[in-house]
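Student: Got a sequence here, can you model it:
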Amino acid sequence: MSTHFGLPSTFCLIIAILFLPVIAIVPADASQKPPKERPMDFALVHNGNCKEICVQWISAEGKITSETPKRFKSLLESLKGRKLPVVIQSYGGDVDAALSVGRMIRAAGLETAVGRTQLNECPMLEPRCVQKIVRDGWSEGEVRAGSAYCFSACPLALAGGKVRAAAANAYIGLHQITNGRKSAGYGTAGRRNLDAISTRSNPALKRMLSTYLEEMGVSSGDVFAMMGLATPEGIYHVGTAEALRSGLVTKVLSVSDEPGNVIYATNPHTSEDLME
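Tutor: Sure, this is the predicted structure:
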């Protein structure tokens, strides 16, 4: 059985912390749920005119589920070895799936960043609307590092990046580790429904996470210490200095930075090659 943050599971970790064919990996029922409750989907996105200069990235947003690794694997296969940063924004989800995605990111040699994607022609209240995610090519939009968030299982996936970036005002949150019951869930963003949660410590989950974090070059001791500063119902917001010291983040971006690969037409591979 999978382990979740804020989702039904045996183990819950509460933490406060180019056109290519068939690129966007979007669940069929995604448009029927609120954005933060939709299963995580992946899309290739670019801004600008890629025949001259543009920024390109993999946008990953939504709730991490047991299906997320399979969707991410499909996207990686379609890239055929091309390397683009994974720009993540998520409230979290399935712990086992997050670890799997993180390991795939590391094996592929990709960078990660906490960032938010705004697709062209999407409404202000739904900046990454499902209707504008192109299933058989590239979506068009903008990306920003400022004010993006990464909670729950999200920082585990973020840890997979060989470089891990976030803006100084990004929200990375870590929770306590507990053994939750099946009815556990989030009330407001970043808060747990305590009536549905067992607050017993979970040593097995802690050992599993310690192994993973050290594998990714992140200090498990620092991460667990910050988790311990969170109240049972709350999150601990990780400061920039703490994120750098622990290794959760290895690069600090400005709030206006665009966390993506800048592509120039003068590159050895032309923009047409990269967009095929």
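
Student: Show me where the stretch 151-276 of the chain has its strands.
Tutor: 164-167, 171-174, 177-178, 236-237, 251-253, 261-264 (DSSP state E, counting those that start in this stretch).

Student: which one of the ones you listed has the lowest average pLDDT?
Tutor: The minimum mean pLDDT among the strands of the stretch 151-276 of the chain belongs to strand 177-178 (a mean of 70).

Student: What are the boundaries of the helices in the protein?
Tutor: Remark: helices assigned in the chain by DSSP state H are 68-79, 95-107, 154-158, 203-215, 220-228, 240-246, 271-275.

Student: contacts for the third one?
Tutor: Right, helix 154-158. Residues outside helix 154-158 that contact it (Cβ atoms under 8 Å, 6 or more residues apart in numbering): 15, 17, 60, 64, 86, 88-93, 95, 98-99, 101-102, 105, 112, 114, 150, 164, 166, 172, 174, 209, 212, 248. The C-beta positions use only the backbone N, C-alpha and C, and glycine is treated the same way.

Student: what do you get for the fifth one?
Tutor: Under the criterion Cβ under 8 Å, 6+ apart, residues 15-17, 174-177, 206, 209-210, 213-214, 236, 238, 242, 245-248 lie in contact with helix 220-228.

Student: which of those are buried?
Tutor: 15-17, 174-177, 206, 209-210, 213, 236, 238, 242, 246-248 (16 or more other Cβ atoms under 10 Å).

Student: and A168, how far is that from V114?
Tutor: 11 Å (Cβ to Cβ, to the nearest Å).

Student: and if you look at G228?
Tutor: Distance from G228 to V114, by Cβ to Cβ: 23 Å.

Student: Give me the more crowded residue out of these two.
Tutor: V114 (29 against 11; other Cβ atoms under 10 Å).

Student: Need the pLDDT of the more buried one.
Tutor: So V114 comes in at 98 (pLDDT).

Student: which residue packs closest to it, ignoring adjacent ones?
Tutor: Counting by Cβ to Cβ, 6 or more residues apart in numbering, A166 is the residue found nearest to V114 once chain neighbours are left out, at 4.1 Å.

Student: residues contacting the one you found?
Tutor: Contacts of A166 (Cβ under 8 Å, 6+ apart): A113, V114, A145, A148, C150, L158, I172, A243, V249, K251, V252, L253.

Student: Okay, and the beta partners of it?
Tutor: V252 (DSSP bridges).

Student: For it, give its distance to G146.
Tutor: With Cβ to Cβ as the criterion, A166 and G146 are 10 Å apart.
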